[in-house]
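Asks: need a 3D model of the sequence below.
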Amino acid sequence: MSNEKEIFVIGHKNPDTDSICSAIAYAYFKNQISKSNCYKAKRAGEVNSETQYVLDKFGVKAPEYVDNVRNQVKDSGLKEAERVSKDMSVKKAWELLSSKRESTLTVVNDNGGLEGLMTIGDIAKSIMDVSGGRALADAKTSYKNIVETLKAEVLAGNIDHKTATGKVIVAAANPDLMEESIEAGDMVIMGDR
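Replies: Here you go, the predicted structure:
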């Protein structure tokens, strides 16, 4: 069968005769009743002399040795997380996670290579962990993502640049007072008063 799954039957580590014989018998039994899987007896240790004598007496080969029986990610049954670009805005990531009722996104580069994971917890932390108005600059957030998130319009500056050095200032005070606190590289967000 083409979709047949291979399943190993292994006794305990450092196996004795009971462990080896049980693995052989159970694999044989499962193969007799299974219609979709192939069961193979394996061992997780060396065959001792007593066990080898029993196997030789009945003309049965010792199962192959398996040196690692730890679970692997592929064995976990986890489904693959949604893949997203590393340039996606936090807002879009939040919307995607919410709409799919998922908790993790796989962040990939332009070649599809893994860059990392983004979780709901990461997003919550980024929102709560504000560093003196410089969070967007520290994250090198693109103006494009900020404009998209705020549904805003760029009045001055280049939408493709990053906020590499400045802080975010909301222009809600008197313009004369604002002038004193704005420095080169800052991003000023204004309403339409």
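
Asks: C-alpha only now, for contacts and for neighbours.
Replies: OK.

Asks: count of residues packed around residue 39?
Replies: Neighbour count for residue 39, taken as other C-alpha atoms under 10 Å: 22.

Asks: check what pLDDT it gets.
Replies: Residue 39 is assigned a pLDDT of 95 by the prediction.

Asks: tell me the phi and psi of it?
Replies: phi -100, psi 130 (degrees, to the nearest 10).

Asks: relative to residue 61, how far out is it?
Replies: 16 Å (C-alpha to C-alpha, to the nearest Å).

Asks: ok, now residue 178?
Replies: Taken as C-alpha to C-alpha, the span from residue 178 to residue 61 is 85 Å.

Asks: the more surrounded of the two?
Replies: residue 178 (14 against 10).

Asks: my guess is that one contacts residue 171, does it?
Replies: Yes: with contact defined as C-alpha atoms under 8 Å, residue 178 counts as touching residue 171 (6.9 Å).

Asks: just say helix, strand or coil for residue 83.
Replies: Here residue 83 is strand, with the state taken from DSSP: H, G, I helix; E, B strand; the rest coil.

Asks: pLDDT weak spots in the chain?
Replies: For the chain, the stretches flagged by pLDDT under 70 are 1-3, 71-79, 126-140, 161-165, 172-173, 192-193.

Asks: and the residue nearest the centre of it?
Replies: By C-alpha atoms, centre = their mean, the mean C-alpha position of the chain lies nearest to residue 117, the distance being 4.8 Å.
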